[in-house]
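Engineer: Requesting a structural model of the entry that follows:
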Amino acid sequence: DSLGRTDALMVRRLGRNVIVLYGEGFDASSTLGSWSMAKSMLHAAVGLLVDAGRLDPGGPAPVSEWSRPGDPRAEITLWDLLTMRPGLRWNEDYVDGESSDVIEMLFARDWEPVADTGGFAAGKPPACAPGTVTNYSSGTSNIVSRIVAGVVGPGAEYESWLRNELFGPIGMDSATPRFDEVGTWIASSYCFCTASDFARFGGLYLHEGLVGGRRLLSESWVDTARVATGTDEEGREHTAHWWRWEGGPPDAYNCSGYEGQYIIVLPSLDAVVVRLGQTPTELRDNVVGELNEVIRDLGAA
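Structural biologist: Numbering: from 1, shown residues only. Below you'll find the model as predicted:
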């Protein structure tokens, strides 16, 4: 199949489902993996703390490994981390396991993550000045997540905070984040949800941070998900743990996960598109093309 395997496709427009399709063996109750779409959920978690005055995105990132006098990494801000520009050495390679930092972080110990995923990434040496080069890094996301844990508490406290402050208000009852041994949500890669709950998350951003008329995220924080701050090696525009969508309406932006996981937010169409499945990297453009066909049909409807 030119698209790989599609497990779920859901399109919500004007507050109702207009397309709901499931692959063989999957249905509305199936919880599916986010992969890196969890990074965008982390963006929301950070936004809650920024809006509450509990984190400062422009200030030095509170990372203990960088606190020694003279350590150049002490100049790295939380914003540098959110925009994937901390200047740390990192290899995000899912093929060459020998040189891949992300594979070592997530799978090196009996297919389990290292004990402290944020600490593993924070220990990487500087490669360039902070804020200058975009280097997409799952390790960077786990540094951010460990910072959140430092504010709300690790492990069970972190999970309870996510449920009470983010997932619960959105109605994401199926959301199941995964934590490392020190209690950091591995927000680079792991939050399991139903397709409907992924769509609900997209709806938070579609509605400018409102849920049922209640303000959950500030409009200014939602805006940071839409404004490009750099490009990756493939020329894709990255924002703050989100992406600009390719080939759709100019205002479209998206969460993206390994092997073809997408939540696409389409403000001008008042729509959210969710696609979940397993697609080899070499077929990615085919999936993007098919999703853009769905989006064009929405625009013509």
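
Engineer: what's the residue closest to the geometric middle of the protein?
Structural biologist: residue 39 (2.1 Å; C-alpha atoms, centre = their mean).

Engineer: Check what pLDDT that residue gets.
Structural biologist: Note on residue 39: pLDDT of 98.

Engineer: And whichever strand or helix holds it, what does it pack against?
Structural biologist: Assigned by DSSP states H and E, residue 39 belongs to helix 37-51. Under the contact definition 3 or more C-beta pairs under 8 Å, 6 or more residues apart in numbering; DSSP states H and E, helix 37-51 sits against helix 78-82, helix 138-152, strand 191-192, helix 195-206, helix 219-224, strand 253-257, strand 261-266. In this view, the C-beta of every residue, glycine as well, is placed from N, C-alpha and C.

Engineer: please redo it, this time with the cut-off set to 6 Å
Structural biologist: Under the contact definition 3 or more C-beta pairs under 6 Å, 6 or more residues apart in numbering; DSSP states H and E, helix 37-51 sits against helix 138-152, strand 253-257.

Engineer: out of these, which comes closest to residue 129?
Structural biologist: Of all the helices and strands packed on helix 37-51, it is helix 138-152 that lies closest to residue 129, at 15.4 Å by C-beta to C-beta.

Engineer: can you dump the C-alpha coordinates of that closest one into CSV?
Structural biologist: What follows is helix 138-152, C-alpha atoms only, in CSV (Å, rounded to 0.1, in the frame of the first residue of the first chain):
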residue,chain,number,x,y,z
SER,A,138,13.5,14.2,21.3
GLY,A,139,16.0,14.7,24.0
THR,A,140,15.3,18.4,24.1
SER,A,141,11.6,17.6,24.7
ASN,A,142,12.4,15.4,27.6
ILE,A,143,14.6,18.2,29.1
VAL,A,144,11.5,20.4,28.9
SER,A,145,9.3,17.7,30.4
ARG,A,146,11.7,17.3,33.3
ILE,A,147,11.5,21.0,33.9
VAL,A,148,7.7,20.7,34.1
ALA,A,149,8.2,17.8,36.6
GLY,A,150,10.3,20.1,38.7
VAL,A,151,7.4,22.5,39.0
VAL,A,152,4.4,20.2,39.4
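
Engineer: ok, then the element right after that helix?
Structural biologist: The element immediately downstream of helix 138-152 (helix or strand, assigned by DSSP H and E) is helix 156-162.

Engineer: Report the buried residues of that next one.
Structural biologist: 158, 159, 161, 162 (16 or more other C-beta atoms under 10 Å).

Engineer: if we take the residues you listed, which one ends up nearest to residue 62?
Structural biologist: residue 158 (15.6 Å).

Engineer: how far is stretch 276-290 from where the chain is centred?
Structural biologist: Centroid separation for stretch 276-290 versus its chain: 18 Å, with C-alpha atoms, centre = their mean, to the nearest Å.

Engineer: brain fart, stretch 79-88
Structural biologist: Centroid displacement of stretch 79-88 relative to its chain, using C-alpha atoms, centre = their mean, is 14 Å.

Engineer: Extract the CA atoms of it and return them as CSV.
Structural biologist: Only the C-alpha atoms of stretch 79-88 are listed here, as CSV (Å, rounded to 0.1, in the frame of the first residue of the first chain):
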residue,chain,number,x,y,z
TRP,A,79,12.3,29.1,24.7
ASP,A,80,15.5,27.8,23.0
LEU,A,81,14.4,24.3,24.1
LEU,A,82,10.8,24.7,22.9
THR,A,83,12.0,25.9,19.5
MET,A,84,14.6,23.1,19.2
ARG,A,85,17.5,25.5,19.3
PRO,A,86,19.4,24.8,22.5
GLY,A,87,22.6,24.3,20.6
LEU,A,88,23.2,20.8,22.2
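
Engineer: And the strands in the stretch 1-150 of the chain?
Structural biologist: With DSSP state E, counting those that start in this stretch as the criterion, the stretch 1-150 of the chain has strands at 5-13, 16-22.
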